[in-house]
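Chemist: my questions concern the predicted model and sequence given below.
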Amino acid sequence: MSQTGATRGREPVRVGVIGAGWPGERHAEGYVANPDARLVAIADANPERAAAFAARFGYLQNGQTLKVYSDYTELLADPEIEAVSVALPNFLHRPATIAALEAGKHVLCEKPPALNHAEAREMAEAAARANRLLAFALQRRFSPAVEALHELVSSGELGEIYHARGVWTRTWGVPKGIGGWFTDPARAGGGALIDIGVHVLDMAWFLMGCPAPATVSGQVYNKFPEETKTDDSAFALIRFADGRGLQVEASWVLAQDEDHYGVYIFGTKGGARVDDNRIDLYTVGEEGRTTRTRVIRAGWQQAFLGQAANFIAAIRGEAQLRTPAAHGVQLMAMIDGIYRSSAEGHEVAM
């Protein structure tokens with residue numbers, strides 16, 4: 001299927017959310033804020049959490065009653081629902097997404113796309129067979145700050161972008177998740193890299209125009225096994241087929257001055273740093289360095305609204321997906337390459 005759905009009338013797209021946790025709530029906020037969407041159902045194995053979700057978001061939709069399902073397969077069997085958000089732990093992304101696609105639903109799946117590249121590719125193939133849209137929730141592409149910097153890059157103001165660096169390193173911050181799934185390799189697929197590194201990797205890659213990766217050199221560490229069985233830190237260099245490069249640094253535990261988060265891009269006419277709320281633009285020359293700062297307060301909250309709006313518009317045939325399945329597949333290939341390079345002890349071809 002193309003990255004837009006069929007043209008349709010002005011009736012709102014009827015959406016269900018699978019997973020009533022924090023990510024599911026953010027997806028729901030995007031839908032209830034969008035006049036072209038109507039949130040109609042929630043599925044969650046925890047009945048209390050599902051009921052609370054239904055009460056909150058039903059109220060936000062003028063008191064509408066949401067359907068509540070304890071099993072997502074029941075939600076997928078509901079003929080009223082046209083599209084779903086899959087907001088479940090990583091190991092459930094593939095089975096829930098494929099089931100939804102086979103049930104005829106368009107899907108917005110939370111990040112990371114899957115446990116690995118093979119799963120992500122299988123999900124994309126299922127979307128093509130079902131002739132339905134599959135988008136991955138790489139929501140920071142919709143951050144107003146990232147959007148503004150993307151426009152500057154596209155305009156040529158910074159010249160040729162030849163290198164980028166994505167950093168998200170915490171001094172201490174290992175997530176656990178229900179039942180400890182975040183720190184279990186079999187259920188999470190990885191650790192700091194696949195959890196927070198995926199965000200800055202994707203932001204930097206998106207700002208560079210999503211070039212094709214050629215090789216990866218990476219090193220991952222598990223230096224705090226009492227906290228996690230996954231990687232607690234990961235560092236990598238990705239070389240692209242066009243000769244450009246991208247560095248990634250991700251950590252849940254790192255002895256440093258403070259937490260660091262942001263993406264740096266370097267061009268022949270200038271450079272920039274961007275996070276959720278701010279852009280710093282740099283120029284250098286014989287006269288010295290100049291810095292211009294633009295503060296954008298909307299942050300990651302607005303990113304979830306923009307993500308939902310793009311997904312709904314694509315279903316309606318009014319926009320292209322900004323986070324299509326093919327990008328999720330390629331992103332997981334790069335992440336797999338980092339893990340493989342570290343395991344094998346050398347640079348690997350993509």
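Modeler: Sure thing, it's come through. Numbering: from 1, shown residues only.
Chemist: could you pull up phi and psi at A164?
Modeler: Per-residue torsions, A164: phi -150, psi 160 (degrees, to the nearest 10).
Chemist: that one against V263, yeah?
Modeler: Yes - under the criterion of Cβ atoms under 8 Å, A164 makes contact with V263 at 6.6 Å. The C-beta positions use only the backbone N, C-alpha and C, and glycine is treated the same way.
Chemist: gap between the nearest residue to L92 once chain neighbours are set aside and F224?
Modeler: In space, and not counting its chain neighbours, L92 is closest to V86: 7.6 Å by Cβ to Cβ, 6 or more residues apart in numbering. Using Cβ to Cβ, to the nearest Å, V86 is found at 30 Å from F224.
Chemist: which of those two has more neighbours?
Modeler: Set V86 next to F224 and count neighbours by other Cβ atoms under 10 Å: V86 wins out with 30 against 13.
Chemist: now that one: how far from I196?
Modeler: From V86 to I196 the distance is 20 Å (Cβ to Cβ).
Chemist: do the same with L88
Modeler: 18 Å.
Chemist: also E347?
Modeler: E347 is 24 Å from I196, by Cβ to Cβ.
Chemist: how about Q320?
Modeler: As judged by Cβ to Cβ, Q320 and I196 stand 27 Å apart.
Chemist: also V40?
Modeler: Taking Cβ to Cβ, one finds V40 at 32 Å from I196.
Chemist: need phi/psi at F311.
Modeler: According to degrees, to the nearest 10, F311 has phi -60, psi -50.
Chemist: ranges for the strands of the stretch 1-150 of the chain?
Modeler: 13-18, 37-43, 67-69, 83-86, 106-110, 134-137 (DSSP state E, counting those that start in this stretch).
Chemist: using CSV, lay out those together with distance to S233.
Modeler: Formatted as CSV, these follow (distance: least, Cβ to Cβ, whole Å):
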stretch, distance to S233
strand 13-18, 31
strand 37-43, 35
strand 67-69, 39
strand 83-86, 28
strand 106-110, 23
strand 134-137, 24
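Chemist: check what pLDDT the nearest residue to A349 once chain neighbours are set aside gets.
Modeler: Nearest non-adjacent residue to A349, counting by Cβ to Cβ, 6+ apart: T215, 5.4 Å away. If you check T215, the pLDDT there is 98.
Chemist: number of nearby residues for T215?
Modeler: 16.
Chemist: hey, what's it bridged with?
Modeler: On DSSP bridges, the residues paired with T215 through beta bridges are R239, A349.
Chemist: indicate which one of the strands of the stretch 1-150 of the chain is closest to G24.
Modeler: Nearest to G24 among those is strand 13-18; the distance by Cβ to Cβ comes to 4.9 Å.
Chemist: what are the contacting residues of that closest one?
Modeler: 24, 27-28, 31, 36-44, 53, 67, 72, 75, 78, 80-88, 96, 100, 105, 312, 315-316 (Cβ atoms under 8 Å, 6 or more residues apart in numbering).
Chemist: much appreciated, bye for now.
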